[in-house]
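> structural data only, the sequence is not supplied:
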């Protein structure tokens, strides 16, 4: 893999990184290809409950091939690009970079044991590369909490073709939705029935060439959950070259007000890019959103449905908020910019940000310091069409 370098003059802004991944992109997305590498065998012997995935290992190797020091600046967008290049249909992954001073995976496995006690994960991919002194090895660990399995599906297709998709969902999900963003940016959704745990859908590829995003949303007791999110290249081969910004420098964000102001500006910018009107900021909505973000951060869950306050509709009704339309997005990220970028890659979340019927919005941010991941922002966005107040007699 070539070292990350600024993009050449005249081709892109100078603050972009240009990274060529090693080898061709996967031809199919799949979830049932186990890794048989010696490193995976060592992890499996210590943690037999984990699935060791070939695609996750390949994505981890793409990170391990980066030059020493760059792991401190890896943007989430690169990790998600590497996942899809490797054939993983997961919407995102948790990346941990572990350093050990001696050869062999023993010390890394001890550190991994600590990580696995903090959060719930089902699958892992790992890769290693030499570390600069005084360390010996850098270990790149990609962890996902996968709640579905997927039969192989192609990563590209001809314009106008039909793409069959088959997923087996965890028992907690009783329904599903497939959301699609076309190469032109429009979003469509289709409800999918679940029978015997299987969700089967057909996606019509666009007539024009470009990237079409496909998202599987499961519906269960915690509300809607994104189970899979991946790009399909229409009329062209999947890319092997990532061009993107380094992780945003948001070190100036010190307060909740500053975080929410930045998050609101990012929403304004995305709506403006698509010619949509600017929404009215509503402090009452922000307070409702902020309380939900804080609850998720403090109680260690990530879901639209709270065990205490219910759904966003319940929260609005409890506050006596008059709305004829409501949509909620939740996200987590090391920066607010990356959280917003991830929401815009997701067809369902994108539709909420760009909802033409929305008139008001509020965003609540709860920022917490994680000993492993640094600052993590828990973000809740609420978009509504505010109903007019009744006339006073």
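Cool, the structure landed. Nothing here was measured: the structure is a model prediction, and the numbers come from that model.
> can you list phi and psi of the residue positioned nearest the centre of the chain for me?
Geometric centre of the chain, nearest residue: residue 92, 4.0 Å, by CA atoms, centre = their mean. When quoted as degrees, to the nearest 10, the phi and psi of residue 92 stand at phi -160, psi 180.
> which helix or strand contains the closest residue in space to it that isn't next to it in sequence?
With CB to CB, 6 or more residues apart in numbering as the criterion, residue 92 has its nearest non-adjacent residue at 5.6 Å, and that residue is residue 80. Heads up, the C-betas are built off the backbone N, CA and C, glycines and all. Secondary structure assigned from DSSP states H and E places residue 80 in helix 76-85.
> who's in contact with residue 360?
With contacts taken as CB atoms under 8 Å, 6 or more residues apart in numbering, residue 360 has the following neighbours: 279-282, 285, 383-386.
> most neighbours among the residues you listed, which one is it?
For those, the largest number of neighbours (other CB atoms under 10 Å) sits with residue 285, at 29 neighbours.
> quickly note the distance from the spatially closest residue to residue 130 that is not a sequence neighbour to residue 115.
Of all residues beyond its chain neighbours, the one nearest residue 130 is residue 137 (6.7 Å), with distances taken as CB to CB, 6+ apart. In this structure, residue 137 and residue 115 are 17 Å apart, going by CB to CB, to the nearest Å.
> do the same with residue 353
Look at residue 353 and residue 115: by CB to CB, they are 32 Å apart.
> just residue 56 next, same as before
Plainly put, residue 56 is 15 Å away from residue 115 if you go by CB to CB.
> what of residue 207?
As it turns out, when the distance is counted by CB to CB, residue 207 lies 45 Å from residue 115.
> neighbour count: the two, which is higher?
residue 115 (16 against 11).
> host element of residue 260?
Residue 260 belongs to helix 256-273 when elements are defined using DSSP H and E.
> other residues contacting that helix?
250, 252-253, 277-279, 281, 286, 290, 336-337, 339-340, 344, 353-354, 361, 363-367, 377, 379, 381.
> phi, psi for the spatially closest residue to residue 116 that is not a sequence neighbour please.
Spatially, and ignoring its direct neighbours in sequence, residue 116 is nearest to residue 47 (6.7 Å; CB to CB, 6+ apart). Residue 47 adopts backbone torsions of phi -130, psi 70, taken as degrees, to the nearest 10.
> okay, now residue 47: neighbour count?
The local packing count at residue 47 equals 16, with neighbours defined by other CB under 10 Å.
> just confirm residue 61 contacts residue 139, I think it does.
No. Assessed by CB atoms under 8 Å, residue 61 is found out of contact with residue 139, at 11.5 Å.
> for these two, list the residues in contact with both.
Shared contacts of residue 61 and residue 139, defined by CB under 8 Å, 6+ apart, comprise residue 127.
> still on that earlier bit, now the helix holding residue 80, how far from the chain's geometric center?
Averaged C-alpha coordinates place helix 76-85 at 10 Å from its chain's average position (CA atoms, centre = their mean, to the nearest Å).
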